[in-house]
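Participant: my questions are about this predicted structure, shown below with the sequence.
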Amino acid sequence: MATRLVILDRDGVINEDSDAYIKSPEEWIAIPGAAEAIARLKRAGYQVVVATNQSGVGRGYFDAATLGAIHDRMHETLAAAGATLDGVFHCPHAPEDGCDCRKPAAGLLDQIANALGEPVAGAWLVGDSLRDLQCGAARGCQPVLVRTGKGERTLAKGLPPELADVPVYASLPAFVEHLLGR
């Protein structure tokens, strides 16, 4: 039986993504229906956490305080829809830093497991990129790809054979509808 945990990527899953990075609270714009989908998961008894690469910090595009302000806006937007998160975990490092928390590495999932006091194996991991799916698979999660954000681009490039069976949904709300309608 799957754990009642859903791990969400942030950019492209909860909010609109940008190839130029989300660098300010004003640039953080929720994807229609995403906040309500998280509220539905919470009402159904799921724990919901975010695991997000935020290399804009490591690259100097914005600082940790600005990232905090962006997350404050996310929490406010979610709260307005009756949603809360059980945690937000981020990797602030640039790709060349060689950390273990930048997806596709699974360090963020280890942080989540430690914080929640339970393994993440079996949890749903919803992302819009190959690195999200690879990260989830590395810790026994059930990866899900959404077509929002970079999802269409990810599909166009093709998934590797070991991830070929990953379910694909139009958006986070579509995934939640399927999950809770089961």
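Facilitator: Yep, that arrived.

Participant: what strands line up against the top strand by length along the chain, and which way round?
Facilitator: With secondary structure taken from DSSP state E, the chain has its longest strand at strand 47-53. When pairing is defined by DSSP bridges, strand 47-53 lines up against strand 5-8 (parallel), strand 87-91 (parallel).

Participant: so which of those is nearest residue 145?
Facilitator: strand 5-8 (12.5 Å; Cβ to Cβ). C-beta: built from backbone N, CA, C; applies to glycine.

Participant: could I get the strands paired with strand 47-53 as CSV with mean neighbour count and distance to residue 181?
Facilitator: Below are the strands paired with strand 47-53 laid out as CSV (neighbours: other Cβ atoms under 10 Å; distance: least, Cβ to Cβ, whole Å):
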stretch, mean neighbour count, distance to residue 181
strand 5-8, 26, 15
strand 87-91, 18, 26
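
Participant: now the ones you listed as a markdown table including distance to residue 41?
Facilitator: Output for the strands paired with strand 47-53, formatted as a markdown table (distance: least, Cβ to Cβ, whole Å):
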| stretch | distance to residue 41 |
| --- | --- |
| strand 5-8 | 6 |
| strand 87-91 | 14 |
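
Participant: for residue 174, which of the ones you listed is the nearest?
Facilitator: Comparing these by Cβ to Cβ, strand 5-8 comes nearest, at 13.8 Å.

Participant: need the contact partners of the closest one.
Facilitator: With Cβ atoms under 8 Å, 6 or more residues apart in numbering as the test, strand 5-8 has contacts from 14, 38, 41, 46-51, 109, 112, 116, 118, 120, 122-127, 136, 141, 172, 179.

Participant: which of the residues you listed fall in strands?
Facilitator: Per DSSP E, the contacts of strand 5-8 map to strands at 47, 48, 49, 50, 51, 124, 125, 126, 127.

Participant: surely the first one is in contact with residue 112?
Facilitator: Yep, that's residue 47 we're talking about. No - under the criterion of Cβ atoms under 8 Å, residue 47 is not in contact with residue 112, lying 9.5 Å apart.

Participant: between these two, which one's more packed in?
Facilitator: residue 112 (25 against 18; other Cβ atoms under 10 Å).

Participant: isn't the more buried one up against residue 120?
Facilitator: Yes - counting by Cβ under 8 Å, residue 112 does reach residue 120; the two are 5.7 Å apart.

Participant: quick one on the thing from earlier: filter the ones in strands among the contacts of strand 5-8 down to the buried ones.
Facilitator: For those, burial is judged from neighbour counts taken by 16 or more other Cβ atoms under 10 Å, and it is met by 47, 48, 49, 50, 51, 124, 125, 126, 127.

Participant: what sits against the last one?
Facilitator: By that I understand residue 127. By Cβ under 8 Å, 6+ apart, the contact list for residue 127 reads 8, 9, 12, 13, 103, 133, 135, 136, 143, 144, 145, 146.
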